[in-house]
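Student: have a look; sequence and predicted model below, questions after that.
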Amino acid sequence: MWIDCGVADKGSLAVALHRIGAVRFGDFVLKDGRNSPFYVDLRVLIGHPNVLADVAAAMLRCTAGVEYDCLAGIPYAGLPLAVAMSLASERPLVYPRKEAKAYGTKKMVEGVFKAGDCALVVDDVITTGGAKLEAIAPLREVGLVVSDVVVVVDREQSGSHTLEEAGIRLHSVLKVRDLLQALRERAVVAEADLRRALDFIAQDSAS
């Protein structure tokens, strides 16, 4: 289940992301080995604190109706977003480790929480959703309840469906088609680049 965040000015946010290089056009190799004519790299947000703050505010508006006790940032790209949201909302932050510590507490989840607390999972982009389920598993193993995930960009592949099958709602600030359409309307990207990107998304949706 995908939930529209209702962000008022998605166009300005889309332009800001393109301006800082978080949305690029060209020829990029994706994780699955395919070549893509565009790439969404939200890790660059950490170098642009004003835009990071705007994105965090949009994510909080996006999830205003969600009840949760803490924010859970997915390493690594989701952590800066979750920190910014935590500071803005004064909600506590937890995060799953990519590997257990071999010393000390040997925790798999860092932060202050108790079993039964609800965690809102935070990440940058969703594609198929598989990586989200992998990150959610250790949160659930320590007793956290996860029913909602929020991302900045939904690449509109199978992510929403994958989460829905696991009983999790997806909230996204921007769906990738909306992002590209906003750039088209503001004429900040060459039409040929946008057309290649939209064709690529259409092929993904059909497969």
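Tutor: The structure has been received and is ready for your questions. Source: prediction; values computed, not measured.
Student: partner strands of the longest strand along the chain, with direction?
Tutor: The residue-count maximum for a strand in the chain (DSSP state E) belongs to strand 145-154. Next to strand 145-154 in the sheet, as set by DSSP bridges, lie strand 118-122 (parallel), strand 125-126 (parallel), strand 169-175 (parallel).
Student: hmm, residue 144 is touching residue 72, no?
Tutor: Yes. Taking contacts as CB atoms under 8 Å, residue 144 lies within contact range of residue 72: 7.1 Å. The way it works is simple: take the backbone N, C-alpha and C, and place the C-beta from them, glycine included.
Student: which one of these two has more residues nearby?
Tutor: residue 72 (30 against 25; other CB atoms under 10 Å).
Student: let me see the contact set for that one.
Tutor: The contact partners of residue 72, by CB atoms under 8 Å, 6 or more residues apart in numbering, come to 82, 93-96, 119-122, 139, 144, 146.
Student: skip ahead from the longest strand of the chain and say which helix or strand is next.
Tutor: Reading on from strand 145-154 to the C-terminus, the next helix or strand found by DSSP states H and E is helix 159-165.
Student: helices and strands around that next one, which ones?
Tutor: In terms of contacts (3 or more CB pairs under 8 Å, 6 or more residues apart in numbering; DSSP states H and E), helix 159-165 is packed against strand 125-126, helix 130-141, strand 169-175.
Student: can you list the ones you listed in a markdown table and add mean neighbour count?
Tutor: Below are these laid out as a markdown table (neighbours: other CB atoms under 10 Å):
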| stretch | mean neighbour count |
| --- | --- |
| strand 125-126 | 23 |
| helix 130-141 | 17 |
| strand 169-175 | 22 |
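Student: nearest to residue 152, of the ones you listed?
Tutor: strand 169-175 (5.1 Å; CB to CB).
Student: state the mean pLDDT of the closest one.
Tutor: Taken as a whole, strand 169-175 has a mean pLDDT of 96.
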